[in-house]
Structures are given as structure tokens and as C-alpha cells.
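> Build me a model from this:
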Amino acid sequence: MAIEDLEQLIFRDEQIINADPAQVLCFQEQLMKNMLQLIAKQHPVYRTMIAAKQIEILDIKSFADLDEAFPVTTKEEFVATPMSYVLEADPANQKDYLNWDVTYTAGTSGVPAPVFQSAYDFKGVLFAHLRMAKLRGMDRTDTIFNLYPLAPYPHGGWIRPSQAAAVIGASAVVGMSGSTSSSFPVLRRFEEVVDLVAASNPSVVWGVPSYVLKVLRELEKNKVQIPRLRLINVSGEPCGPKLRAHLLQSAQHVSNLPVTVSDSLGATEMQFSLVECSGGFGFHNPVPEIARLSVIDHNGIELPDGIAGKLQVTHLNRRGTVLIKYLLGDIAIMDQSPCPGCGWTGGRIIKHLGREGKFVKVRGQMVNTQAIMDYLESLDYILDYKVSISQDVSTGLDQMSVDLATKTGNLSVDDRTTLLAQLSDLAGLRLKVDLVELNQIWEPEAGMKPKRFVDLRIAN
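Numbers count the residues shown, from 1 in each chain. Just a heads-up that it's a prediction; the model follows:
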């Protein structure tokens, strides 16, 4: 396959509806071989690793071969030297390597790490959003309202929905909430965002689910209708059954149409999201021509369908930031067969089991903060929460607390007793629980994503 031949680099949509997974895999492996030849010459990190390990690139003909030859790439490795994961330009085809845009993923040190899209990659981003829209049932008749806040740094959540509207020919309105260090008065207050939603009467609202819910409830409280609303696209935080139910309940009060919620799993390192089809049968990879998603075991070997493992992505067709066997930090179960709802054969996450467990030491006890957050997510009466670790000024001892906002604004004695008992069991120590207002937990002005866990100790 000649890598310059675009007709051979992408499927026609109908080619991957109810396609044979083996044929899709074969196609991806051909793309992988082309990608490996580029990185062997032009990728600073992988080129060095290939030479040090004396890897014969031409001997890698399958993803099984790749698993044997290549180690995984962790987020810690990437964010330590993100510039060294960008392909060097090919002198014979420099226009494809020109930088088009950059978005940032949060680093472990708190310093965002850049992910570069070349001119070539940006067309791929648009193509991915064309596919995502198709899976979600969006078209040029839609008006999309982008509720993602403007972050202090370039972030895909705010940037990409407007580009998605452009590529499908739809209209787009941007809320422009958020927080930046700029002195320019370009942001809107929450009340102004709500007024703009009402005035634009969108058919699609798109944003972080807890903020979308906040907007819908404000419209409902003010008895304002957005009668065309039919679809809510969400990402940026988990949208479990209780949050989805709250979204649908509020949407029913402001729309004249049946409303559906389309959840997604995204990562800045991918530049697209795995989205639900209209049937809701898992999170679909919209572009198997650009990246392969799979799950692996602790030895880095790909697991068969139906088995839980670590989610990884391998870029197959990029020219900017390129990652091979990159761990996204999620535990998932995948299925590469055609979706029973829409027939898509690009690979689907049929069950997302959350982030890998994260342990912190509190009073000598190793606490799995993810297990605590998963439990809080499962409680129907909780609208939002934040887990904090701080240091008691008077005693110097660590203390763990949970701020909660509930559906009713109250917390019964029975619920509080049960909650404290369960949290203490999970943490191995007693936690403090406080009932607070919803806007005390997270506001878009405070940052791009809600912070569900914060460690406030001086030395953590």
C-alpha cells in the first residue's frame, strides 16, 4: 500500500458496516507497517529504542509481533518529553508535517503536555468528527451548542465541537464560559450562557454532563423551553445511570422532542472520542484507519474480546505526535466484532471499568481513591461530589473528607450512617462527610474538568 494514496488509507463508510473483523484487522496491520517505517526514520524516542533493541521493523507484520517487539508507552514517559514524540518532517513532503494546531493533556506534574496535529493530522481530526457525528445521528440540520468552558490552555473539549459542526455542515453556538488568565473580557457568566442557550434553541447540547445538567435545570427553573433539543453529547467525566437519568428528566421538561444522551470516552492523545451509536451499544472507535484501540494484560499482550485489560491506543496514520502501545489509564472490555445495533466494525468498548486504581497514603494506610469515587458514582441520590485529603492544623494529622451535593439538597440520617460506614470500609479509616451546594464543588470558571479528588497536603 502506497502511503500517499489516500484512497487506500480510509474505508468507505459502508465498507465497515457489518465488515469481517479479520479484514479490518488486516487493513490496520498494513497501516501499522507503514507507520512503523516512518517512526523508524523520523520519531526521536521510538527510533532510538528501535536501534537500542535492534528491532527489525520489517519483521513486524502483525499486532502480535508488535506486542512482542515494543514495550508499552506510559503517560509518565510521554509527558516527561512530549516534544520527542513528534515526527520529524520528511524533506520530500514537508507540507504534511506543518503544525496545524496543538491541544494539551494534563500532566502528572500539573503542567499540561502538548499533543501536536500536523496539517495532515488535522484533516484526520475532521474526518473522525464526521464519523462520530454519523454514529451519533447528527447532520447538517442540527444546531450544536458547545457548553465546554474555555480552558486556560488549548483543549479539545472547547475546540473540537465547533469543528465537528463545520465538517458536517451544521450550525454552532459556543457558550464561552470558563477561566483564563487573560485580561480580555471574552467570557460569559453562567446566566448569560443560559440565556444564549434559550435564544439559540439548539437541537444538540454538548459538554461536561454535570455542567449540562446545571444549565438544563436553570432553564427548567426559569420555565424556559428549548423545543428542538433532541440530543445531549457528553464527555469529560463519568456519566453513569443516575446522572444520565437526571439529564433526561430535566431535558423532558424543556424540549418538545424525545431526547437521547450520547456518552463518549475521549483522550487528548487520540484527538477523537469513542462514541455511542444511537442504540447505545458501547463506545465505538469511529476511525480504525487512524488508531487501533485494544486491551492488554500486564505483560503488554493483547487480550481477546470479552476479557478486561488495560486500554491502549496505537496510532496508525499520523504525522504529528505519534504514540505506539500507549496506555490511556483505563480498564475496559473490548469487542472487535460488528456492533449489534449499528453494524459498525471498528472496535468497541462494551464495558468501561473506570480508571486504574490510584493509591495514596493517608495516616499510613494505602487508600484506593478510585474505589471510593466509583462507590460515590453508584449512589442515586448524589448529584456531585469531591474527595479531599488535607492536614489538620491543630493535630498535624491527615484527614480525608467528602463534599456532597444531593438531589434533594438533604441527606437523611440513614443515608449518612450507611455512607460513612461504606466509605470507612473502603478507605480503612473514618472520613468526614459534608453536605454542600452544587456550585461549591465545581464551576467551569475553575477549570476545564471537574476535580473529583484533590490532595491538599503540603507534602503529598
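> so where's this protein uncertain?
1-8, 106-110, 180-181, 357, 359, 364-365, 396, 443-450, 458-460 (pLDDT under 70).
> which stretches of it form helices?
Using DSSP state H, the helices of the chain run over 21-42, 44-53, 63-69, 75-80, 119-136, 156-168, 190-200, 209-221, 241-254, 369-377, 413-427.
> Let's check: the centremost residue of this protein is which one?
Closest to where the C-alpha atoms of the chain average out (C-alpha atoms, centre = their mean) is residue 266, at 2.3 Å.
> picking up where we left off before, compare the helices of the chain and give me the one nearest residue 300.
Between residue 300 and the helices of the chain, the shortest separation by C-beta to C-beta is 5.8 Å, and it involves helix 63-69. Quick note: C-beta positions are derived from backbone N, CA and C, even for glycine.
> what sits up against the closest one?
Identification of contacts with helix 63-69 by C-beta atoms under 8 Å, 6 or more residues apart in numbering yields 25, 28-29, 32, 36, 53, 55, 59-60, 292, 294, 296, 300-302, 314, 324-325.
> which stretch among the helices of the chain comes nearest residue 98?
It's helix 119-136; of those, that one is closest to residue 98 (C-beta to C-beta) at 4.6 Å.
> and that closest one, how far out from the chain's middle?
With C-alpha atoms, centre = their mean, to the nearest Å as the basis, helix 119-136 stands 15 Å off its chain's centre.
> before we move on, the earlier item: you'd agree the residue nearest to the centre of the chain is up against residue 274?
Yes: counting by C-beta atoms under 8 Å, residue 274 is a contact partner of residue 266 at 7.3 Å.
> measure stretch 361-369 end to end?
10 Å (C-alpha to C-alpha, to the nearest Å).
> which parts of that stretch are buried?
Using 16 or more other C-beta atoms under 10 Å as the test for burial, stretch 361-369 gives 362, 367, 369.
> ditto for stretch 20-34
21, 24-25, 27-33.
> Closest one to residue 236 out of these, please.
residue 28 (28.0 Å).
> now the residue lying farthest from the centre of the chain: how far from residue 247?
For the chain, the residue at maximal distance from the C-alpha centroid (C-alpha atoms, centre = their mean) is residue 394, at 40.3 Å. According to C-beta to C-beta, to the nearest Å, residue 394 and residue 247 sit 42 Å apart.
> Kindly report the same for residue 428.
For residue 428, the distance to residue 247 - C-beta to C-beta - is 34 Å.
> what do you get for residue 337?
30 Å.
> If you count surrounding residues, which of the two has more?
residue 247 (23 against 16; other C-beta atoms under 10 Å).
> Was I right to think that one contacts residue 260?
No: in this structure residue 247 lies outside contact range of residue 260 using C-beta under 8 Å: 9.9 Å.
> shared neighbours of these two, anything?
Counting by C-beta under 8 Å, 6+ apart, the residues touching both residue 247 and residue 260 are residue 232.
> dump the residue contacts of the residue farthest from the centre of the chain.
By C-beta under 8 Å, 6+ apart, residue 394 has no neighbours at all.
> need the strands for the stretch 201-350 of the chain, in chain order.
Using DSSP state E, counting those that start in this stretch, the strands of the stretch 201-350 of the chain run over 204-207, 231-234, 260-267, 272-276, 283-284, 291-296, 309-315, 326-335, 348-355.
> Take the ones you listed and write them to JSON lines, including distance to residue 382.
Listed next are these as JSON lines, based on distance: least, C-beta to C-beta, whole Å:
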{"stretch": "strand 204-207", "distance to residue 382": "20"}
{"stretch": "strand 231-234", "distance to residue 382": "17"}
{"stretch": "strand 260-267", "distance to residue 382": "18"}
{"stretch": "strand 272-276", "distance to residue 382": "23"}
{"stretch": "strand 283-284", "distance to residue 382": "24"}
{"stretch": "strand 291-296", "distance to residue 382": "29"}
{"stretch": "strand 309-315", "distance to residue 382": "26"}
{"stretch": "strand 326-335", "distance to residue 382": "22"}
{"stretch": "strand 348-355", "distance to residue 382": "16"}
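> quick one: which of these is nearest residue 129?
strand 272-276 (7.0 Å).
> From the chain's centroid, how far away is the closest one?
So, by C-alpha atoms, centre = their mean, the centroid of strand 272-276 is 8 Å from its chain's centroid.
> for stretch 286-303, same thing?
16 Å.
> how long is that stretch end to end?
When the termini of stretch 286-303 are compared using C-alpha to C-alpha, they are 21 Å apart.
> And residue 345, how close does it get to residue 421?
46 Å.
> cool, and residue 382?
From residue 382 to residue 421 the distance is 16 Å (C-beta to C-beta).
> These two: which has the busier surroundings?
residue 382 (20 against 11).
> Could you give the bridge partners of that one?
The partner list for residue 382 in beta bridges (DSSP bridges) reads residue 406.
> and the gap between it and residue 23?
Residue 382 is 45 Å from residue 23, by C-beta to C-beta.
> Contact partners for the closest residue to residue 198 other than its chain neighbours?
Leaving aside its sequence neighbours, residue 198 sits nearest to residue 224 (C-beta to C-beta, 6 or more residues apart in numbering; 4.7 Å). By C-beta under 8 Å, 6+ apart, residue 224 lies in contact with 194, 198, 254.
> and residue 252, how many neighbours does it have?
Neighbours around residue 252, by other C-beta under 10 Å: 15.
> Okay, buried residues for stretch 346-366 please.
In stretch 346-366, counting by 16+ other C-beta under 10 Å, buried: 346-349, 352, 355, 360, 362.
> and which of those residues is nearest to residue 128?
Distances from residue 128 to the buried residues of stretch 346-366, taken as C-beta to C-beta, are shortest for residue 346 (10.8 Å).
> Quick one: residues contacting that closest one.
Neighbouring residues of residue 346 by C-beta under 8 Å, 6+ apart: 16, 24, 284-288.
> re the thing from before, distance to residue 400 for the helices of the chain - can I get that in JSON lines?
Converted to JSON lines, those look like this (distance: least, C-beta to C-beta, whole Å):
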{"stretch": "helix 21-42", "distance to residue 400": "44"}
{"stretch": "helix 44-53", "distance to residue 400": "38"}
{"stretch": "helix 63-69", "distance to residue 400": "39"}
{"stretch": "helix 75-80", "distance to residue 400": "25"}
{"stretch": "helix 119-136", "distance to residue 400": "39"}
{"stretch": "helix 156-168", "distance to residue 400": "29"}
{"stretch": "helix 190-200", "distance to residue 400": "30"}
{"stretch": "helix 209-221", "distance to residue 400": "22"}
{"stretch": "helix 241-254", "distance to residue 400": "23"}
{"stretch": "helix 369-377", "distance to residue 400": "9"}
{"stretch": "helix 413-427", "distance to residue 400": "6"}
